[in-house]
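>>> this one's structure only:
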């Protein structure tokens, strides 16, 4: 894996022990959690929008409507894409040492737009296939109009960093005997039983890609 | 509940049917999900940082280290605080209609710092008591030095909006007979069994505030 030196933006200034620039660590977090929060500047103000991301090799992608002002404005401008997984609440003996266990990735860079219907269709297929293998070819085929209405953006992972916090509370020795319960409340994302559309045609069983979907 | 008119920043430009400005809706989302993504501008670039938020009445709060450059820079400047809950993956008959069910809130405004040790302690107690009722008074008491090391910021909820997407896939009538399974994969955050700290003193049972913790 490439292992770029941290840039001034990605270098952790605090909590150095939690920071990682290793692409294997970064990729694993991006691949585990499709929800990203995308930050850009609109009319001089920061705006943070939730969106779905997916990774293809050394780039992270997201998409939206071509009619979206946010999507248009993100193109060619500096953005920050952050992905966070909450893994637990950490209950310590002091208020100060309370914290959360989490995995997060921040990616900085200039968003680039994917041009061309064929390229767009290829990326959308990959997005779908990563989440739901085999589904794309079973869908009503995408149309030229739908591709036109879809804007796909991407960022290279050259300016990316991860932060991971895990494990039990880290109370200093002098606090450890304080008579209060301490420990971790583990938190995870779980997928419930597939809920068929009310207007689903009869005789269509739940496919493996829906039964097997996992997140987190 | 106050029901302010949407500002130019909070007014939904797309997906109007999903937007809400009702404080009851906004409050319920903020109260269900402590993880927020805070966007600010640092050296001209957008930066999105995950942080914990909590609500007190008409304001949303977050905190961090006084030594954090991010926290310092957020003070008095425009920020965007976004909270998102992923509720499900929506599998439709066409790629275009695939979507996610979610609840999200965006709050815009100028971050204000909480001044004074007493005020800080009051807010930290409220944060703890909202998550873990009864825990604050059982903790090793907070010190003056710890309060000094903690920066608390807040935003009013005057420029806040919610977006909610829920329900089954919304395929147009002509696609509904396409022979592919369609429906929702529900997703939620679950809390596992409390995991005691390895150095926990003997004879400390799991308290109700840890057993009863829920998120989402």
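Happy to help now that I have it. Please read these numbers as outputs of a predicted model, since none were measured by experiment.

>>> look up phi and psi at residue A:136.
phi -50, psi -50 (degrees, to the nearest 10).

>>> roughly how far apart are it and residue A:96?
Distance check for residue A:136 against residue A:96: by CB to CB, to the nearest Å, it reads 49 Å. In short, each C-beta sits where N, CA and C put it, glycine included.

>>> between the two, tell me which one has more neighbours.
residue A:96 (21 against 18; other CB atoms under 10 Å in any protein chain shown).

>>> so how far is residue B:168 from the more buried one?
Shown here: residue A:96 relative to residue B:168, a distance of 46 Å by CB to CB.

>>> pretty sure residue A:150 sits against residue A:67.
No. The pair residue A:150 / residue A:67 is not scored as a contact, 10.2 Å apart, by CB atoms under 8 Å.

>>> quick one: which of these two has more around it?
Per other CB under 10 Å, whichever of residue A:150 and residue A:67 has more neighbours is residue A:150, with 21 against 11.

>>> the more buried one and residue A:185: what is the separation?
40 Å.

>>> likewise for residue A:159?
Following CB to CB, the distance that separates residue A:159 from residue A:185 is 34 Å.

>>> try residue A:113
42 Å.

>>> neighbour count: these two, which is higher?
Comparing residue A:113 with residue A:185 by other CB under 10 Å, the one with more neighbours is residue A:185, at 24 against 15.

>>> surely that one is within a strand?
Yes. The assignment for residue A:185 (DSSP: H, G, I helix; E, B strand; the rest coil) places it in a strand.

>>> so it sits against residue A:88, correct?
Yes. At 5.8 Å, residue A:185 counts as touching residue A:88 under the criterion of CB under 8 Å.

>>> now the common contact residues for those two.
residue B:195 (CB atoms under 8 Å, 6 or more residues apart in numbering or on different chains).

>>> C-terminal to the longest strand along chain A, what's the next element?
Taking DSSP state E as the criterion, chain A has its longest strand at strand A:78-91. Remark: after strand A:78-91, the chain's next helix or strand is strand A:99-110, criterion DSSP states H and E.

>>> now the angle from that following strand to strand A:78-91?
170 degrees (axes from the mean of the first three to the mean of the last three CA atoms, to 10 degrees).

>>> name the helices or strands packed onto the helix or strand just after strand A:99-110?
Once strand A:99-110 ends, the next helix or strand along the chain (criterion: DSSP H and E) is strand A:112-113. If contacts are counted by 3 or more CB pairs under 8 Å, 6 or more residues apart in numbering or on different chains; DSSP states H and E, strand A:112-113 sits against strand A:150-156.

>>> skip ahead from the strand it packs on and say which helix or strand is next.
strand A:160-165.

>>> contact partners of that following strand?
Under CB under 8 Å, 6+ apart, the answer for strand A:160-165 is A:6, A:10-12, A:15, A:18-23, A:25-26, A:29, A:90, A:99-108.

>>> just the buried ones from those residues?
A:10, A:19-21, A:23, A:25-26, A:29, A:90, A:99-108 (16 or more other CB atoms under 10 Å in any protein chain shown).
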